[in-house]
Structure formats: structure tokens, C-alpha cells
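Asks: the sequence isn't on hand, but the structure is:
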């Protein structure tokens, strides 16, 4: 009988995830932790049942695109502008501080120059996936907790795009500056194009055929992925394009229906995403980076919440809200992993620095999701008082 590696991998992910997720719920752990551990177990470094995690990793990226699209659907443009205006200085100040802290830790670990700086940059980002996946959808866009967190994450995503452009344009300062200016110019042009297509093409079609649910589902997916590709063509990230497509739809009466229909598809790809993170990690390469990685992860888990809470309180937020937002932002990011991979490819960092970033990110994912699930309302909380859909 022929062996289909893709089908077998999908079987491993979802059959294995169902088993580990059951154990995680009984143990009052985050389901995200179960997916990562399953990836490590099945990946090349341990059992080797998934010998090549590259394809599954590329496929999992779609989950982030859908996540940002659904985020945008619930954020009308007027609300988005107000949010970003208030949190810009918070994001910039915290980013500078965390970059310096991360670089100092890397320097103590023996890394120097550009390697230490890149490690520092990876600390400034918080996980969009963990932040939004563990925030109750029923209050996400109706309470200030969600609004404050989303605005910080969006601005961090813009910084991440700039960093990725700098790494990709490593041919010189003039080349990097040119790419950044081109991207900044393309951003309003992309927004205008998405707005025009949405108003004069997409919305009329949805109003005419909104009773055919299969058609609405199909058009929503096509719109999300099409805008993502437009953004990529313009030199921006797929996530920014998907987010803009969602924001453009936010004022439509059908937006909430689209969001509900796409959630299962989003979750399907996000499970694959966290499995891919685990499958791509090699525990044998931890070596001398274990202590610095623990220190870097601890900085994300314990320093970030206090910094964000302090900045939010001084911007006028209530102490309780500021503390919760700080904890929910207290981890490293999927962008940290992406930056590490790209920096290795362009030979700006070595294997030790990459392993440091990967291990610290993984540790912060596990610890942060565990803490949030145990102490704050989430869609996967096993305690009835903390379970919020």
C-alpha cells in the first residue's frame, strides 16, 4: 500500500493532538502546550515520524493569516485609529527597553555585535496568536482589554515587518532604507485598493447573494487570501493584507456571520502551526544556551507584564486592566522564530544565537499560556469561572 506522507502527518497532528489535549485539559494546562509538545515528540529530533517539518510549517502560516483577518473584521476603521493613536508611545518605549534587555542577556551569553542585537529585537515582540487565541471572543472587541492588547500587537507587527525587510535587504543601508520607504509608500496605496474593491465589488456581491452561505464562505476566504497576496506583492507581510481585508469588511452587517464561519478553519491551521513549532525544535541543540534561554524567557514572562502594566497605567488605564494586558503580552512571539530563521539564512547570526531564540520563545509560549489559562478568562479554561467563549 502506498504511504502518503502528508495524510500521515495530518493524521498524527489531529489524532495525537486529541489525545494530548485531553490529558492537558485534565491537568489544567493550555491546549497550545499540548500541540507544541506533540510536535517535539513526533518531529525529526525525537521519534522522527515527521521527517521534514518544512511543508507543514509553510501550511501552518495560513492560520496566522486567518487570525489577523478575523481580528480586522471586528475592528471598524474609526475604532482602530483611536486605539493606535493612544498606544503608539507605549509600544515604542517598551520595544526599546526590551531590545536593550535582550541584547544584554545575549551579551552575557557570549554573543556580540549584530547577533546580540538581533536576539534583543526578538524579545520585544509578543505573540499575536497566544494573545488573541486566549482572549475570550465574546468580550474581545467590547472591552478595553482586547482593544489595548490588539493595538500594541498591531504596532509590534509593523515593527516586525520593518525588521524582516532589513534582514532581507542585507545588501547595504541604502538598499534597506529604499525597501522601507517603498513599503511605507505602498501601505496607503494598498489600503486604498482594498477599500475600493471592498466597497464597489465585494459588498455588492455579498448583499446580492448573502442567502447562499457556501458562496459567502468561499468569497470570504478568497478575499482574505487575495488581500494577503496583494500585500506580499507590495513588499508587506501577508498578515497586514489579511488584517486590512478584515477591517474593510468590519462595517458590513454580514461581518459577524463571516467571522463565525471562519473560526473552525482558523483553528485547524493554528493547531498545525503550533505542531510545526515543536517539530522544528531540536532538544539536542540546547547545549550551552539553556541558561541564557531561561533568562530570556523569564524576562518575557516577568519583566514584560510589569513594564506594560506601568506604561498602560500612566496612559490612563485602570490598574486591573493594565495588569491583565501586561500578563497576556508576557511572552515572545512567532515573529521571533521567523526572524531567527531568516537571520540564519542571510548569515547574520549563527546556530547558537538561533537556538537561543528558539528555545526562549518555546519556553515563554509554554509558561505564558499555562499562566493565562490558570488565572484569566480564556476560551479553553477548564475552570468554569475562567471559561469564556
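Replies: Received the coordinates, thanks. Just so we're clear, the structure is a prediction, and the values are computed from it rather than from any experiment. Numbering: from 1, shown residues only.
Asks: every contact and neighbour count from this point should use C-alpha atoms.
Replies: Will do.
Asks: quick one, helices of the stretch 1-150 of the chain?
Replies: 5-26, 31-42, 54-73, 77-108, 113-123, 128-133, 144-168 (DSSP state H, counting those that start in this stretch).
Asks: just put these in TSV and tack on distance to residue 278 and mean pLDDT.
Replies: Listed next are those as TSV, based on distance: least, C-alpha to C-alpha, whole Å; pLDDT from 0 to 100:
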stretch	distance to residue 278	mean pLDDT
helix 5-26	11	84
helix 31-42	4	83
helix 54-73	10	74
helix 77-108	23	83
helix 113-123	18	90
helix 128-133	15	79
helix 144-168	22	74
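Asks: in JSON lines: the ones you listed, plus mean neighbour count and distance to residue 287.
Replies: Shown next, in JSON lines, are the helices of the stretch 1-150 of the chain (neighbours: other C-alpha atoms under 10 Å; distance: least, C-alpha to C-alpha, whole Å):
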{"stretch": "helix 5-26", "mean neighbour count": "16", "distance to residue 287": "27"}
{"stretch": "helix 31-42", "mean neighbour count": "24", "distance to residue 287": "17"}
{"stretch": "helix 54-73", "mean neighbour count": "21", "distance to residue 287": "24"}
{"stretch": "helix 77-108", "mean neighbour count": "17", "distance to residue 287": "15"}
{"stretch": "helix 113-123", "mean neighbour count": "23", "distance to residue 287": "17"}
{"stretch": "helix 128-133", "mean neighbour count": "21", "distance to residue 287": "27"}
{"stretch": "helix 144-168", "mean neighbour count": "20", "distance to residue 287": "26"}
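Asks: would you turn those into JSON lines with distance to residue 337?
Replies: Listed next are the helices of the stretch 1-150 of the chain as JSON lines, based on distance: least, C-alpha to C-alpha, whole Å:
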{"stretch": "helix 5-26", "distance to residue 337": "21"}
{"stretch": "helix 31-42", "distance to residue 337": "14"}
{"stretch": "helix 54-73", "distance to residue 337": "12"}
{"stretch": "helix 77-108", "distance to residue 337": "15"}
{"stretch": "helix 113-123", "distance to residue 337": "8"}
{"stretch": "helix 128-133", "distance to residue 337": "13"}
{"stretch": "helix 144-168", "distance to residue 337": "11"}
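Asks: so which of those helices is nearest residue 205?
Replies: With C-alpha to C-alpha as the criterion, residue 205 lies closest to helix 54-73 of the helices of the stretch 1-150 of the chain, at 17.4 Å.
Asks: show me what contacts the nearest residue to residue 274 once chain neighbours are set aside?
Replies: Excluding the flanking residues, the one nearest residue 274 by C-alpha to C-alpha, 6 or more residues apart in numbering is residue 36, at 5.2 Å. Taking C-alpha atoms under 8 Å, 6 or more residues apart in numbering, we find residue 36 in contact with 274, 275, 276, 277, 278, 279.
Asks: hmm, which of those is lowest in pLDDT?
Replies: Here the lowest pLDDT out of the contacts of residue 36 sits on residue 277, with 76.
Asks: hang on, it packs against residue 39?
Replies: Yes: at 6.9 Å, residue 277 and residue 39 qualify as touching, with contact defined as C-alpha atoms under 8 Å.
Asks: what helices and strands are in contact with the one helix or strand residue 260 maps to?
Replies: Per DSSP states H and E: residue 260 is located in helix 255-279. Packed against helix 255-279 by the contact rule (3 or more C-alpha pairs under 8 Å, 6 or more residues apart in numbering; DSSP states H and E) you find helix 5-26, helix 31-42, helix 54-73, helix 213-233.
Asks: put together a markdown table for these, with distance to residue 96 on each row.
Replies: A markdown table is the format used below for the helices and strands packed on helix 255-279 (distance: least, C-alpha to C-alpha, whole Å):
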| stretch | distance to residue 96 |
| --- | --- |
| helix 5-26 | 36 |
| helix 31-42 | 29 |
| helix 54-73 | 25 |
| helix 213-233 | 27 |
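Asks: contact partners for the most centrally placed residue in the chain?
Replies: Geometric centre of the chain, nearest residue: residue 128, 3.4 Å, by C-alpha atoms, centre = their mean. Neighbouring residues of residue 128 by C-alpha under 8 Å, 6+ apart: 153, 333, 334.
Asks: go on, residue 319?
Replies: Residues near residue 319 by C-alpha under 8 Å, 6+ apart: 309, 313.
Asks: go with 6 Å
Replies: residue 313 (C-alpha atoms under 6 Å, 6 or more residues apart in numbering).
Asks: and what of residue 32?
Replies: Counted by C-alpha under 6 Å, 6+ apart, residue 32 has zero contacts.
Asks: list the contacts of residue 327.
Replies: residue 305.
Asks: how about a cut-off of 8 Å?
Replies: 301, 304, 305, 368, 372.
Asks: which of the residues you listed ranks first by neighbour count?
Replies: residue 368 (27 neighbours; other C-alpha atoms under 10 Å).
Asks: excluding residues flanking it in the chain, which one is nearest that one?
Replies: residue 331 (6.0 Å).
Asks: the one you found contacts residue 124, correct?
Replies: No: between residue 331 and residue 124 there is no contact under C-alpha under 8 Å: 9.2 Å.
Asks: which of those two has more neighbours?
Replies: Set residue 331 next to residue 124 and count neighbours by other C-alpha under 10 Å: residue 331 wins out with 35 against 28.
Asks: for that one, give its distance to residue 217.
Replies: Per C-alpha to C-alpha, to the nearest Å, residue 331 is found 33 Å from residue 217.
Asks: next, the buried residues of stretch 256-265.
Replies: 258, 259, 262 (16 or more other C-alpha atoms under 10 Å).
Asks: what comes up buried for stretch 311-329?
Replies: So, applying 16+ other C-alpha under 10 Å, buried residues of stretch 311-329: 311-313, 317, 321-329.
Asks: do stretch 185-192 as well
Replies: Quick answer for stretch 185-192 (16+ other C-alpha under 10 Å): 186, 187, 190, 191.
Asks: who's in contact with that stretch?
Replies: Contact with stretch 185-192 is made by 230, 231, 234, 235, 236, 244, as judged by C-alpha under 8 Å, 6+ apart.
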